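[1] Provided below are the primary sequence and the corresponding predicted coordinates.
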Amino acid sequence: MKFADVIQTADWKAEKHVPAITAPIAVKAGEKFVVEVSVGKEIAHPNTTEHHIRSIKLYFKPEAGKFAYEVGSYDFSAHAESVDGANKGPVLSEPTAQVALKLSGSGTLLAVAYCNIHGFWESCQEIKVEA
């Protein structure tokens, strides 16, 4: 079995588990820009003690390279759990994260989200770097 065998994919507009990547289509080389990754952008994902998004990881795969580089790892640790029981806690993490990047060349942003019930889900977005 390969890791690819357990990662599911779909359109984030139609499937609540797929991470949405919000980033420009094109940027200038070396210029800072912001990328947001989230789950539930179009269709809300349950966010309860029993069913939640545990993490999102963001990678960048350069067009001219063989390997992807990890950009960020975002853990969502508060799921409304408490000593009073499930969904009674005072804090609940929402599965959204932002990171500022600078790129030197074009490539693809890749995101992988992990749902504690339904496993791993992926998405990607190409990004062009202009001189």
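    Okay, I see it. Residues are numbered from 1 along each chain as shown.
[2] which residues touch residue 33?
    Applying Cβ atoms under 8 Å, 6 or more residues apart in numbering to residue 33 gives the contacts 23, 24, 27, 100, 101, 102. No exception for glycine: its C-beta is placed from N, CA and C like everyone else's.
[3] before we move on, what about residue 123?
    9, 12, 18, 19, 20, 21, 110, 111 are the contacts of residue 123 under Cβ under 8 Å, 6+ apart.
[4] and which of these is nearest to residue 49?
    Closest approach to residue 49 among the contacts of residue 123 (Cβ to Cβ): residue 19, at 21.3 Å.
[5] if you look at the contacts of residue 123, which of them are in strands?
    Using DSSP state E, 9, 19, 20, 21, 110, 111 are the members of the contacts of residue 123 that sit in strands.
[6] for these, which one is nearest residue 53?
    residue 19 (8.5 Å).
[7] Show me what the longest strand anywhere in the chain pairs with in its sheet, parallel or antiparallel.
    The strand that spans the most residues within the chain, counting by DSSP E, is strand 119-130. Strand 119-130 pairs in its sheet with strand 7-9 (parallel), strand 26-28 (parallel), strand 107-115 (antiparallel), by DSSP bridges.
[8] Could I get the buried residue list for it?
    Neighbour-count burial for strand 119-130, counted by 16 or more other Cβ atoms under 10 Å, picks out 120, 121, 122, 123, 125, 127, 129.
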